[in-house]
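**Q** sequence and predicted structure below; questions after.
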Amino acid sequence: QNTWIDSDFIFNWQAAKEARLYRGSYWFYDSRTDPKTQADLWLSAIGDDYPDCGLWMDFEETFGGAFGSEMYMRQFAERVLDNSPATVEVGVYTGYYYWLERIPASRRAWWGQFPLWIANYGAETPLIMWPMRSASGPPALAISSRILPNPFCVEIAPLASVTTGSPTGMRGASKRRRPL
């Protein structure tokens, strides 16, 4: 967050790898700090040791800083996309109402390229949303409240099988989709 990294991150990142655990990383976006600075700091902390479970951009802060608009959030996202391998999944973690209030309807199509993980604090079951691709229209969201064996590290495409009761392909991050 902001211009600092958890003091235990480097140790924990390496220890998780040595323990052969799947790893993912998130960055809590902070509107008080330049988005490109934040993206560069996040990616420098990871170095060339990219996560199995993707990079998750956490948009839910309410600090009211100068970089809080969708334009700056997009600069952050673009910087992450442009400076990480195309094989690393990049997703959005956010609150439902936060997202609706911050992202204008006219700009949501661009954000549709990202898997969307909705924060669901205090719920009895988790809520997971992911983009459903459509050749004829804008991306739509599929929703599940079913608990997956490992909801923190899944491939996006096989999530469609959750609705049929047979999750498959539960390993590693899927191939990232770039905007057309």
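**A** Thanks, I have the structure now.
**Q** now the helices: where do they sit in this protein?
**A** For the chain, the helices defined by DSSP state H cover 9-18, 35-46, 70-82, 96-102, 108-111.
**Q** hey, C-alpha coordinates of the second one in PDB?
**A** Extracted in PDB, the C-alpha atoms of helix 35-46 (Å, rounded to 0.1, in the frame of the first residue of the first chain):
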ATOM      1  CA  PRO A  35      -0.500   5.000  -9.300                       C
ATOM      2  CA  LYS A  36       2.600   4.300 -11.400                       C
ATOM      3  CA  THR A  37       4.800   4.600  -8.300                       C
ATOM      4  CA  GLN A  38       2.600   2.000  -6.600                       C
ATOM      5  CA  ALA A  39       2.700  -0.400  -9.500                       C
ATOM      6  CA  ASP A  40       6.400  -0.100  -9.900                       C
ATOM      7  CA  LEU A  41       7.000  -0.800  -6.100                       C
ATOM      8  CA  TRP A  42       4.700  -3.800  -6.200                       C
ATOM      9  CA  LEU A  43       6.300  -5.400  -9.200                       C
ATOM     10  CA  SER A  44       9.800  -4.600  -7.800                       C
ATOM     11  CA  ALA A  45       9.000  -6.500  -4.600                       C
ATOM     12  CA  ILE A  46       8.000  -9.500  -6.600                       C
END
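**Q** so that helix versus helix 9-18, what angle?
**A** 50 degrees (axes from the mean of the first three to the mean of the last three Cα atoms, to 10 degrees).
**Q** buried ones in helix 35-46?
**A** Applying a neighbour-count criterion of 16 or more other Cβ atoms under 10 Å, one finds P35, K36, Q38, A39, L41, W42, L43, I46 buried in helix 35-46. Any C-beta I mention is one placed from the backbone N, CA and C, and that applies to glycine too.
**Q** still on that earlier bit, can you redo the helices of the chain as TSV with distance to T3 and mean pLDDT?
**A** Formatted as TSV, the helices of the chain follow (distance: least, Cβ to Cβ, whole Å; pLDDT from 0 to 100):
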stretch	distance to T3	mean pLDDT
helix 9-18	14	92
helix 35-46	6	96
helix 70-82	13	97
helix 96-102	22	88
helix 108-111	25	89
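**Q** pipe those into JSON lines and attach distance to G24 per row.
**A** Shown next, in JSON lines, are these (distance: least, Cβ to Cβ, whole Å):
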{"stretch": "helix 9-18", "distance to G24": "10"}
{"stretch": "helix 35-46", "distance to G24": "11"}
{"stretch": "helix 70-82", "distance to G24": "14"}
{"stretch": "helix 96-102", "distance to G24": "20"}
{"stretch": "helix 108-111", "distance to G24": "19"}
